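Asker: coords below, sequence missing:
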């Protein structure tokens, strides 16, 4: 591709993303939704200003890595330790109920298939997309209502974070199945080995960063080395353990999340993300969504996917909360607070597309889920909190 | 290329650049020199960890655009107007004497050639590389001595900025000659048309940005739209006027340099540059420098190039200062202050490589000039200032 035409493409993507992102915010939808719609508009579905290309895919790939590294960096480990067992149990139900429901939904539409077949793993992948709650949307809603730090708020936040971690583990294992020659135990062993590697090497790296951070606080070298760590872990995860590269980047973020300067790193990464890599990533999802190939089945499936995605979180998290002696109203609040989906669902879907476990037409379902859940959750939470 | 191996390459580039950049700073050399040496080391010349690739070239291209946009943003238009005529005259001599000397030097080594031949333009291109003083290195040296704002300091700074502008114009015209089918008047007309376009459209865009800036100061949209402007102008310059894309990006920076938020934009762009795009750009210069292809002629030429590059600035700027009634010592200070070269020389060289007007072996000469002039200038200036 011509070098200067890359510049034109980036200019179009950046302007369109920002314009539609702001528009989305105006109507209280998540900005991300606006950026995806921008991609749809300028892509092959409508205006055909931009075609998907290797270069854009590569930039989008870096964008995902930076986003997942950022998500890891924002993890509050000490908060996690405090809320502990309860949040973990809620998160587990909030992962596995949607996982199972999503899998059954796919089979209901496209036929049940035997364990081990390609279709079976595609079904599981649809379930996997439903696992990760979007921490940022949940947090913002609670913050606006001043309910972020009470017992329900803390539980939701912790569960949402743990649910990300469990979701990533599930994704890692599911992705491990992509190669038909590998057997299930091998995939699980590789995943465990990666986490063992991450804990040992991560601990050493954390100590080194702590030293550097103490001696040279707030210097450029810290975010730069942090970013290099994210790239390296993403590479090592994929190349040596067969684990998804985004898992590696996320773990790199968690390794550094307890540094004094973690917020400093996070801020610098954030600027890198929102200026160029983030818009290209979200836009490229719109670019890859082929609206012309949608049939009635997909449209009905997408609506069912949205309903199942939202209800399964309420049921999974709510029931477990009830079991853990929360009252019914609080259990509903926790369930509703967990039903928003966001970037991570898209990243999971994108990863599935990359390894051939998801077809691009299913992006419509994921995008709809993100938009509808992000708009619904604040409304439902406000109604629930108004009752006491 | 494999997607994850891109991540590994970026990690290696980022870590090596930062390490050698810091090392360079330790020994008082410019960080940029360290980053280039990092590229030499990890590239085909030595370790062969990284090979030049389309992807890296494209990232480097974005890096140059961001660097030139940043350079434009840092221009102080009102300062320029004040120092006015004197600085312009000094800058002119500081551009044309090195331009002529560089051209003659090339002809002395590789044979004189008739006007209009490829070899002739190659000779002129060598001269063009010598035109642009590095504002940042000059400024830092003067700042450290507390001499930035006296009459000599202001004159040096203004002349260095004007010399960038003139240098860019010269580059633009020289690059215009690359296509043998275009005739000289056409190139000059296109260049003039581009500047007319830039002034008219730039004025309108400046007014729009001023409105947005007033209504939404310090919001993300300002640097994002600024970056999009840089990409668009780079594209328009190249695609519609045959003007170098870096000229477009530089002009985009100048258009926005008088905004209240110009420093805010500049800071955000700077983070984007130093985290990833900048290191990839400087490293890729090292990657492209093929040390194995160097012969004795090139080595001797490089040393001569360094001497001519430094002396021609002292002679050009110093003589004109003397003509303008500065005393001999101050004239020498001005000449010595103007002899540092930096990023812009590399960017010019890179552009020449892209259009086939420069061979990669000449990078050695440019890199040597940057390193030696950056180390020498502070020393010479200190000696001159110690005399009064």
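Answerer: Yes, it's here. Since the model is a prediction, treat every value here as computed from it, not as a measurement. Numbering: from 1, shown residues only, chains lettered A, B, ... in the order given.
Asker: which residue sits closest to the single nearest residue of the stretch 151-300 of chain A relative to chain B, ignoring its sequence neighbours?
Answerer: Closest to chain B within the stretch 151-300 of chain A is residue A:231: 3.8 Å, counting by C-beta to the nearest C-beta. C-beta coordinates here come from the backbone N, C-alpha and C atoms, glycine included. Residue nearest to residue A:231 in three dimensions, not counting chain neighbours: residue B:11, with 3.8 Å by C-beta to C-beta, 6 or more residues apart in numbering or on different chains.
Asker: In three-state terms, how would the one you found be classified?
Answerer: Following DSSP: H, G, I helix; E, B strand; the rest coil, residue B:11 is assigned to helix.
Asker: Let me know how buried it is, in neighbour terms.
Answerer: Residues contacting residue B:11 under the criterion other C-beta atoms under 10 Å in any protein chain shown number 21.
Asker: so what pLDDT did it get?
Answerer: Residue B:11 is assigned 95 on the pLDDT scale.
Asker: mind listing what it touches?
Answerer: A:228-229, A:231-232, A:235 (C-beta atoms under 8 Å, 6 or more residues apart in numbering or on different chains).
Asker: any idea how far residue A:154 is from residue A:160?
Answerer: Distance, residue A:154 to residue A:160, using C-beta to C-beta, to the nearest Å: 11 Å.
Asker: nope, residue A:173 is what I was after
Answerer: 21 Å.
Asker: the more surrounded of those two?
Answerer: More crowded of residue A:173 and residue A:160, by other C-beta under 10 Å: residue A:160, with 25 against 19.
Asker: check which helix or strand covers that one.
Answerer: helix A:151-176 (DSSP states H and E).
Asker: and that helix, which residues are buried?
Answerer: Residues A:152-176 are the ones in helix A:151-176 that count as buried (16 or more other C-beta atoms under 10 Å in any protein chain shown).
Asker: you'd agree residue A:361 is up against residue A:293?
Answerer: Yes - Residue A:361 lies in contact with residue A:293 (C-beta atoms under 8 Å); the separation is 5.5 Å.
Asker: Pick out whichever of the two has more residues nearby.
Answerer: More crowded of residue A:361 and residue A:293, by other C-beta under 10 Å: residue A:361, with 18 against 12.
Asker: what residues are up against that one?
Answerer: Applying C-beta under 8 Å, 6+ apart, the residues near residue A:361 are A:289-290, A:293-294, A:298.
Asker: make it 6 Å
Answerer: Under the criterion of C-beta atoms under 6 Å, 6 or more residues apart in numbering or on different chains, the contact list for residue A:361 reads A:293, A:298.
Asker: got it, and the one 4 residues further on?
Answerer: Residue A:365 makes contact with A:302, A:305 under the criterion C-beta under 6 Å, 6+ apart.
Asker: and with 10 Å instead?
Answerer: A:105, A:126, A:129, A:298-299, A:301-306, A:309, A:349 (C-beta atoms under 10 Å, 6 or more residues apart in numbering or on different chains).
Asker: still on that earlier bit, show me whatever sits in contact with both of residue A:154 and residue A:160.
Answerer: What both residue A:154 and residue A:160 touch, as defined by C-beta under 10 Å, 6+ apart, is the set residue A:87.
Asker: what about residue A:79, which helix or strand?
Answerer: Per DSSP H and E: helix A:77-110 holds residue A:79.
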